[in-house]
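Asker: coordinates only, no sequence provided:
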């Protein structure tokens, strides 16, 4: 195939120019799903860290629309509820220990998005095991062991 002189010149320039370095684009979306909580189907989730680098948790239900089912986080060794209105998003690293307290009425929905720098082949474990969660936090083992065994993590606030 014959190229015109301007095409040859453009190709030659492209070959001579050094390749631009690609900057790290940061974490990319790896997985996304909607989680449904109710007393009958998924009443609570024990404390755990997530396996992906960054988690975005979007409240699709206002906290006032159901009983229980509060998103909880461990901050400075203390469990704290994260009160959210519909549409509020919580963004956290995989190191944050978090849980959902027991649902006692209504239905709670959340949109979960996991981001990571590493592309994954096939399905990956979404969160670490409770034992792994305990080992990641120094000096709080007894507190965490109690919270991991608790069917209702919110009881730790009283």
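Answerer: Perfect, thanks for sending it. Note that the structure is a prediction, hence the values are computed from the model and not measured.
Asker: count of neighbours near residue 105?
Answerer: 11 (other CB atoms under 10 Å). Every residue, glycine included, has its C-beta placed from N, CA and C.
Asker: if I look at it, how far off is residue 43?
Answerer: According to CB to CB, to the nearest Å, residue 105 stands 11 Å off from residue 43.
Asker: contacting residues around residue 59?
Answerer: Taking CB atoms under 8 Å, 6 or more residues apart in numbering, we find residue 59 in contact with 71, 84, 85, 86, 87, 88, 89, 90, 110.
Asker: excluding its backbone neighbours, what's nearest it?
Answerer: Nearest non-adjacent residue to residue 59, counting by CB to CB, 6 or more residues apart in numbering: residue 84, 4.2 Å away.
Asker: contact partners for the one you found?
Answerer: Neighbours of residue 84 in contact, by CB under 8 Å, 6+ apart: 59, 62, 63, 71, 90.
Asker: is residue 40 in a helix, a strand, or coil?
Answerer: coil (DSSP: H, G, I helix; E, B strand; the rest coil).
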